[in-house]
Every structure is written in C-alpha cells, then in structure tokens.
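**Q** what's the 3D shape of this:
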Amino acid sequence: MAATLLPDAGSRLAALKARIYDGLDRLGDCPPNWVPALDGIDKDVVIIGAGQAGLAIGFALKREGVTNIAILDAQPAGQEGPWVTYGQMETLRSPKTLQGPELGLPALTFRAWHEAAYGEAAYDALGKIPTRLWMDYLLWYRDVADLPIRNDTQVTRIEPVAAGLRLSFDGKGDCNSLTTRKVVLATGMDGFGRARIPEVVRDGLPRDRYAHCREIVDFESLRGKRIAVLGAASSAFDYSATALEHGAARVDLFCRGDRLYDRNRFKQINYAGIMHHYVDLDDADRWRIMSELFGRAVAVTRETLARNTRHDNFHIHLNAGWDTAQVIDGAVRIKTVSGAAYAADFVIVGAGFENSPEARPELAGFADKIARWQDRFPAPEGQKNPGAAAFPYLGREFQLQDKQPGAAPWLQDIHLYNWAGTVSHGRGSSENSSLRFGLPRLISALIRDIVRKDAAAHVARILDLPEPEFRPDEYRAD
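**A** Numbers count the residues shown, from 1 in each chain. Predicted coordinates:
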C-alpha cells in the first residue's frame, strides 16, 4: 500500500531544506565563484543530463565554488531519466539504505526526505524504493540544489574551438550554442550509443510492430494482444510484467540460454575497496573481470520474476533464440533456432544497448577519434568479448582518450560519467550506489584542470597583497 503524505508534509520539508542550508553554512560550503572569467568561454562546466548523476555533479561543483555551469537535458522538467518515462520497473533494484546523490549530507538523503513527507513509520515499512517515489525525491533534490538547468534542450554537436569546446543544441530560447572549458556526459545507459535492435527484428518486422525497452510504450493499446518479448534481462521482464498488468492476452518471453541465469555477478564489485580503486587495477585485471561479467546475463531480482510468474498467461521459453521474425497474414510469425514456431501481435525487444557513439548527435562528429578498449588492450585467448571491447577506454577521471594518442588532446575535456564507463571504472559510473565513490574523483579532476588552465591568474591572485589585518596606528614600537 502506498504511503500517505503527512498533513504537515509541506512545512516539514521546508524545515528540512532549511536544515540542509544551515548545515552547508556551518561547513562553509557553497562559496562564491572563484574561477576567473576566460575570454571566449560562456560556462566553465556544462553537464549534459539532469538525472540523478547530473544533479549530484552540479551540486558538488556548486559546493566547491564552481558556479558558472549549465545543466542541459533533452527531456521536459520532471521527466529526466527513466523513472516516469520509459522505465517499467516498480522499484529501484538496490536497497533503500545505499548512499546515493546526497554528497555526505544526512539531511539530503532519500530517508530524510521520505520521513519528512510520509513519517518515520512509513519509511520503516518501505521495502525497495518505488521508482515514482524516487523521481519525487529527485525533484525535491533539484529544488534544494537550486541549479541552472535548461530542459527541452538536445545537444546536437560538440566541437573544439580555440577557447575550449563549443556545444550546439536545439531547444527553447534564443541561444543555440555556448562554449565551455569542460563537458560531462551524464547521459545514462545509452549515453555512448543506442538501443540494440537485433537484425532478426530490425530486418524482419515493420517499425510499428516492435518497441525496445528504451522506448515509451502505450501498454493500454496492448490489451488483449499476444506479446513476444525477446531477451531475458531485467528490463525485458519489467516490460513483460507491465504488458500483463495492462491485460495482454498472452506474453511469451524468449531466452537464448538453457536456463534463466540466477546470479548478479556485478554485486561482487560492490564493496568499498574495489568501488574506490577498481580504476587503479591494471588493464589485464580490469579486462579479466569485465570480459567475464559481460559474458554472463545479469539475473532479474526475485520480485521482478514473481511480478511475471504470478500471471498464468506468462510463458518462458529457453534455448529459444530467434531465427526469423516476419509479419504473415497480419500476425508476427516467429521461428526459433530450434525450429519452434510462435505467433504474436507485438514484439518487445529487451536486448540492451550497443556502444555506437556515431549514433549520438553530440559524439558523432568525432566518434572515430575515441579510443575503445579494443584499441588499447589486445584481449588474451579465452577472454575475447566484442561487446566489452567496444566500450570507451577512459582515463582515471572518466575523460575520453584519443584513439591515436596526441591526435585529439581536447577529448580529455569531455568526461563520460555514464554506463559506458563500466569497463574502465567498474560500478563507479553513474549508478546511484556508485556516486559517492566516483563523483569525488570526477569533481577533483574538473577543478584541477580548471586551475591548471588558469595557473597564471591564480599565481597573480595569490601573490597579490591581501587587505591589511590592522592599521599602523594600532600599535606603538619602542
């Protein structure tokens, strides 16, 4: 049962916000901007993406006195990220107790917000955090952080110019470009590519007969229909369950393997030593880990599986990769590699994402210059993994690297803080539970590079005489 807002929730949340600002004041956080203005530069840092990672990055910079920033998001305000748009999970997949974007401020945690809005007993009774509730929290976080966010703004190009990087974008307002010293791409799961549509679907079916789990689906239109789900990852099960809950006549979920994989091996990374220092392992160890982890499916949670299996019209098919899919006599006719035949009215593709930066408008202009793991590390026999090899080979502070070292040094002013950083950084790349580990390293690097760029100005500022502590007439020498 959903919790009910307390009658005095508004005043309690206002008091919590005041407590946060009092704590920031006591810590001496959020000082005035200290970054010198630079000719030809509009913003010192531009963050693309205003989801949980983008908000946390912006607030962390603000707390360090880097305030000439912009956060751009292609979605309308309140629809950033997957939580109330295409995501069909009922809850976050992580426990409610994990630290997230609160940046070490107890009063900024989800728990503090939830207890203020719904009461302590409601938080105690809460299991995993419902996704819609998480979005409500992020909207409150956005209000507290008071960041310069521009929604409905799609970045269409990033290019080097004499002063730094120029961003072009489509969106509301008169301005359609700006220049910046640094860009951070906080662009989620598909931030280095696009949704993966297998050839059997892409070449065999008309576009109106399938959707990917990255897309918004009108599930009400699927009522009474037969649905085929290709893939057995978490998002495939999320969409399958949502179709069933909206009255689909039948849902068939197809898995290539001979069983559903029952382990989430990425949990093995989730401890402090590795969350902090996975990036400091040598390439051979990082590759050995990720080539193995990406070679296995990630198990769905027990709750997600049960959300499907409680429906009698849900069917799982194992060893059931697709050989062909085509529309015949108005129905989608599917033949698996084993020769079994099935019919459906609509297909949902849960095949994950592919790393293809040329598909991202902001990256397309220099996609061929970006170093991938396949460019820097020859995988040993027995550890080949083309999917992992296509991930970008990032520097220690999440910065892009040029494929030909020294050919495009400006790439290092673009920091990729999204899922595509997984092979280089482990789980320290934008996941909620990873923010407290990766974010400090990113923020430190952004500030370090800005200071180095302005070294002469900082030297002059430091060597300039400060205000006197006292007047000559305030003492007498004998």
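
**Q** quick check: H311 touching V251?
**A** Yes: when contacts are counted by C-beta atoms under 8 Å, H311 is listed as touching V251 (7.5 Å). For glycine as for every other residue, the C-beta is placed from the backbone atoms N, C-alpha and C.

**Q** what sits in contact with each of the two?
**A** Common neighbours of H311 and V251 (criterion: C-beta atoms under 8 Å, 6 or more residues apart in numbering): L244.

**Q** who has more neighbours, the two?
**A** The residue with more neighbours, out of H311 and V251, is V251; 25 against 16, by other C-beta atoms under 10 Å.

**Q** surely that one and T242 touch.
**A** No: at 9.9 Å, V251 and T242 do not qualify as touching, with contact defined as C-beta under 8 Å.

**Q** P198 contacts A351, correct?
**A** Yes: if you go by C-beta under 8 Å, P198 and A351 touch, sitting 5.6 Å apart.

**Q** so what's in contact with those two at the same time?
**A** L230.

**Q** hey, where'd the helices end up in the stretch 301-450 of the chain?
**A** Ranges of helices within the stretch 301-450 of the chain are 302-309, 373-376, 386-389, 422-425, 435-453, based on DSSP state H, counting those that start in this stretch.

**Q** mean neighbour count, the ones you listed: which tops it?
**A** Among the helices of the stretch 301-450 of the chain, helix 422-425 has the highest mean neighbour count (mean count of other C-beta atoms under 10 Å), at a mean of 26.

**Q** distance of the spatially most central residue of the chain from A249?
**A** Centroid check for the chain by C-alpha atoms, centre = their mean gives G188 as the closest residue, at 2.8 Å. Separation of G188 from A249 (C-beta to C-beta, to the nearest Å): 33 Å.

**Q** what about M275, which helix or strand?
**A** In this structure, M275 sits in helix 272-277 according to DSSP states H and E.

**Q** flag every buried residue along that helix.
**A** Burial within helix 272-277, assessed by neighbour count using 16 or more other C-beta atoms under 10 Å, is assigned to I274, M275, H276.

**Q** nearest to R207, of those residues?
**A** Closest approach to R207 among the buried residues of helix 272-277 (C-beta to C-beta): M275, at 40.6 Å.

**Q** residues in contact with the closest residue to that closest one other than its chain neighbours?
**A** Closest residue to M275 apart from its sequence neighbours, by C-beta to C-beta, 6 or more residues apart in numbering: F437 at 4.2 Å. Shown in contact with F437 (C-beta under 8 Å, 6+ apart): A272, M275, H276, R427, G428.

**Q** give me the pLDDT for F437.
**A** Looking at F437, its pLDDT reads 93.

**Q** same check on D282?
**A** 97.

**Q** look up how far I289 lies from it.
**A** Counting by C-beta to C-beta, the gap from D282 to I289 is 11 Å.

**Q** who's more crowded, the two?
**A** The neighbour count for D282 versus I289, taken as other C-beta under 10 Å, is higher for I289 (19 against 9).

**Q** are we agreed that that one is in a strand?
**A** No: secondary structure assignment (DSSP: H, G, I helix; E, B strand; the rest coil) places I289 in helix, not in a strand.

**Q** and this protein, what are its domains?
**A** By the assignment in automatic domain parsing, the chain contains the domains 9-192+355-456, 197-261+297-351.

**Q** quote the end-to-end distance of the shortest one.
**A** Right, the one you point to is domain 197-261+297-351. This stretch, domain 197-261+297-351, spans 7 Å end to end (C-alpha to C-alpha, to the nearest Å).

**Q** from here on, count from 58
**A** New numbering, starting at 58: the last item is domain 254-318+354-408.

**Q** measure how far that domain is from the centre of its chain, please.
**A** Distance, stretch centre to chain centre, for domain 254-318+354-408: 25 Å (C-alpha atoms, centre = their mean, to the nearest Å).

**Q** hmm, M192 is touching V141, no?
**A** Yes: M192 lies in contact with V141 (C-beta under 8 Å); the separation is 5.0 Å.

**Q** identify the residues contacting I331.
**A** Neighbours of I331 in contact, by C-beta under 8 Å, 6+ apart: G483.

**Q** again with R199
**A** A107, L112, I206.

**Q** the residue lying closest to the last one once chain neighbours are set aside: what's it in contact with?
**A** Residue nearest to I206 in three dimensions, not counting chain neighbours: I128, with 4.5 Å by C-beta to C-beta, 6+ apart. Contacts were defined as C-beta under 8 Å, 6+ apart; by that measure I128 touches V103, I104, I105, G106, A107, G111, L112, G115, L204, P205, I206, R207.

**Q** what do you get if the cut-off is 10 Å, keeping everything else the same?
**A** 100, 102-108, 111-112, 114-115, 118, 137, 199, 202, 204-208, 210, 241, 243 (C-beta atoms under 10 Å, 6 or more residues apart in numbering).

**Q** before we move on, what about N90?
**A** D101, K119, G122, V123, T124, N125, I126.

**Q** from those, which land in strands?
**A** Those of the contacts of N90 mapping onto strands are D101, I126, per DSSP state E.

**Q** where do the helices of the stretch 108-257 of the chain begin and end?
**A** 109-120, 167-175, 177-182, 188-202, 256-259.

**Q** okay, these in JSON lines with distance to L350 and mean pLDDT next?
**A** Below are these laid out as JSON lines (distance: least, C-beta to C-beta, whole Å; pLDDT from 0 to 100):
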{"stretch": "helix 109-120", "distance to L350": "21", "mean pLDDT": "97"}
{"stretch": "helix 167-175", "distance to L350": "28", "mean pLDDT": "98"}
{"stretch": "helix 177-182", "distance to L350": "33", "mean pLDDT": "96"}
{"stretch": "helix 188-202", "distance to L350": "25", "mean pLDDT": "97"}
{"stretch": "helix 256-259", "distance to L350": "25", "mean pLDDT": "98"}
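
**Q** okay, those helices, which one's buried deepest?
**A** helix 109-120 (a mean of 25).

**Q** about what we covered before: any chance of TSV for the domains of the chain, columns distance to Q325?
**A** Formatted as TSV, these follow (distance: least, C-beta to C-beta, whole Å):
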stretch	distance to Q325
domain 66-249+412-513	10
domain 254-318+354-408	12
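
**Q** closest to A60 out of those domains?
**A** The closest of these to A60 is domain 66-249+412-513. By C-beta to C-beta, the value is 3.9 Å.

**Q** from the contacts of N90, which would you call buried?
**A** Buried subset of these (neighbour count, 16+ other C-beta under 10 Å): D101, K119, V123, T124, N125, I126.

**Q** now flag whichever of those is closest to A354.
**A** Closest approach between the buried ones among the contacts of N90 and A354, by C-beta to C-beta: I126, at 38.7 Å.

**Q** which ones are touching the nearest residue to the closest one once chain neighbours are set aside?
**A** Closest residue to I126 apart from its sequence neighbours, by C-beta to C-beta, 6+ apart: V102 at 4.6 Å. Contacts for V102 (C-beta under 10 Å, 6+ apart) come out as 92, 114-115, 118, 123-128, 237-241, 470, 472, 500, 503-504, 507.

**Q** which SS class is I77?
**A** helix.

**Q** that one: neighbour count?
**A** Using other C-beta under 10 Å, I77 has 18 neighbouring residues.
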